[in-house]
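What follows is a predicted structure for the sequence shown.
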Amino acid sequence: MNPRCPNCRLTFLRGPGYYLGSIYLNYGWTTLIVTASYILGRFVWKVPAQQMIWPLLVFCCLFPLLIFRHARALWLALDCRCDPAVLQESQDGPEQHKQP
């Protein structure tokens, strides 16, 4: 992960545990999609549960890996939206990490 945004100089490397919220976003998306897929498959399209178990299990393993970066980006965007001071600190603060 880059230490800073090359355009706006926003610091990506926050404190320990900063991106913990992105895990909740990732989990929430996965759970919502799997639950909706199960309900639609089982009760609307009448697919047997045994036929849905493996595809949904594979989805549960792969989808969080694929959206990992997007969940982090959304978490950072939500933080910037809810606390605009984060943007000001990034632009005014000292350079903590130097890129090679």
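Sure thing, it's come through. Because the structure is predicted, anything quoted here is derived from the model rather than measured.

which residues sit in contact with P64?
Applying C-beta atoms under 8 Å, 6 or more residues apart in numbering to P64 gives the contacts 26-27, 30. (Glycine included, C-beta is placed from N, CA and C.)

If you rank the residues you listed by neighbours, which is first?
When neighbours are counted by other C-beta atoms under 10 Å, N26 leads these with 21 neighbours.

you'd agree that one is in a helix?
Yes - under DSSP: H, G, I helix; E, B strand; the rest coil, N26 sits within a helix.

which residues sit in contact with it?
Applying C-beta under 8 Å, 6+ apart, the residues near N26 are 64, 67-68, 71.

could you dump these to CSV with distance to S37 and secondary structure?
Below are those laid out as CSV (distance: C-beta to C-beta, whole Å; DSSP: H, G, I helix; E, B strand; the rest coil):
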residue, distance to S37, secondary structure
P64, 15, helix
I67, 16, coil
F68, 20, helix
A71, 19, helix
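
Quick check: of the residues you listed, which lies closest to R9?
Of all the contacts of N26, A71 has the smallest distance to R9: 22.6 Å, by C-beta to C-beta.

sorry, back to before: which one of the contacts of N26 is nearest to P3?
Comparing the contacts of N26 against P3 with C-beta to C-beta picks out F68 as the nearest, at 18.3 Å.
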